[in-house]
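Enquirer: have a look; sequence and predicted model below, questions after that.
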Amino acid sequence: NNLRMHQWALKVHVPDASVSKTLTVSGESTVSEVTLKLVELLGSLKNWSKYALWCTDKKTWLIAPRATLNTYGLDAGNKVIFTTTSKKLSIQLPDRSQLDLEKADFSNTLFSVVCTICRDLRIRHPEEL
């Protein structure tokens, strides 16, 4: 009964399915528990493995599976979306040419993304990009 007092509704928007779902969670709910509940509610055969929770208010990915919502400081007022971690990215190079990348993993740190792009472009030193 004490646990119920600490439960609250978390609204999660899923752009690819054009729906929003409301989950009953607590601050002690882990990211993996929330993700599993959401996928079960979506009830689709779609592969959700490339998706993660993004908190728009805090501008952070909720990707540590064992971390709790309290760890991220989330509460009922936060806006959360369930979206792909990899997005298309367009980069303007120093010679003013445009490079369109199909998949850049935005759930990684910026430095990690830049290093991956540099490795793909065979740029030896990331600071050159």
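Expert: That came through fine.
Enquirer: backbone dihedrals for the closest residue to residue 17 other than its chain neighbours, please?
Expert: Spatially, and ignoring its direct neighbours in sequence, residue 17 is nearest to residue 42 (6.1 Å; C-beta to C-beta, 6 or more residues apart in numbering). All C-beta spots, glycine's among them, are computed from the backbone N, C-alpha and C. Dihedral angles of residue 42 (phi, psi; degrees, to the nearest 10) stand at phi -70, psi -30.
Enquirer: just the pLDDT for residue 42.
Expert: In this model, residue 42 is scored at 90, pLDDT.
Enquirer: before we move on, what about residue 110?
Expert: 84.
Enquirer: report how many residues lie close to it.
Expert: If you count neighbours by other C-beta atoms under 10 Å, residue 110 ends up with 8.
Enquirer: quick one: it and residue 45, what's the gap?
Expert: Residue 110 sits at a distance of 34 Å from residue 45 (criterion: C-beta to C-beta, to the nearest Å).
Enquirer: just residue 79 next, same as before
Expert: Counting by C-beta to C-beta - residue 79 and residue 45 are separated by 27 Å.
Enquirer: looking at the two, which one has more neighbours?
Expert: Neighbour totals were compared for residue 79 and residue 45, and residue 79 leads with 13 against 5 (other C-beta under 10 Å).
Enquirer: so where do the strands sit in this structure?
Expert: Taking DSSP state E, the strands of the chain run over residues 7-14, 19-26, 51-55, 60-62, 80-84, 86-92, 98-105.
Enquirer: what's near enough to touch residue 67?
Expert: 30-31 (C-beta atoms under 8 Å, 6 or more residues apart in numbering).
Enquirer: now it: how far from residue 106?
Expert: 18 Å.
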